[in-house]
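Peer 1: Build me a structure from this.
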Amino acid sequence: MPSLVGSEMCKETDLTIKQAAEKWDISERRIQVLCREGRIEGVKRFGRAWAIPNDAEKPVDARVTTGEYRNWRKKS
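Peer 2: This next block holds a predicted model:
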């Protein structure tokens with residue numbers, strides 16, 4: 001049975017933020033940021049809720065984690 005999200009019907013194949021966070025083993029907040037940035041293919045927003053396709057792939061983490069920030073206080 002499809003669940004109701006906002007005024008639209010959400011397919012059984014869609015995931016919530018919480019379900020996607022558990023599936024991909026990352027935080028709910030990080031999923032929200034990825035949705036907002038449009039980095040998850042096929043994501044839809046219904047009011048304050050997001051519907052993520054079940055077959056969507058986890059986006060590659062593009063954040064800098066090495067501590068080497070490009071062009072930060074350019075040294076001349």
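Peer 1: ok, and the helix or strand in this protein with the lowest average confidence?
Peer 2: strand 3-5 (a mean of 50; mean pLDDT, DSSP states H and E).
Peer 1: which residues does residue 15 contact?
Peer 2: Counting by CB atoms under 8 Å, 6 or more residues apart in numbering, residue 15 touches 23, 51, 52, 53, 54, 56. Yep, even glycine has a C-beta here, placed from its N, CA and C like the rest.
Peer 1: Now intersect these with the strands, please.
Peer 2: 51, 52, 53 (DSSP state E).
Peer 1: Who wins on neighbours among these?
Peer 2: Within the ones in strands among the contacts of residue 15, neighbour counts (other CB atoms under 10 Å) peak at residue 52, which reaches 24 neighbours.
Peer 1: can you give me phi and psi for the spatially closest residue to it that is not a sequence neighbour?
Peer 2: Once flanking residues are discounted, residue 52 sits nearest to residue 15: 4.5 Å by CB to CB, 6 or more residues apart in numbering. Dihedral pair for residue 15: phi -110, psi 150, per degrees, to the nearest 10.
Peer 1: Run a quick neighbour tally on residue 34.
Peer 2: A count of nearby residues for residue 34, using other CB under 10 Å, gives 23.
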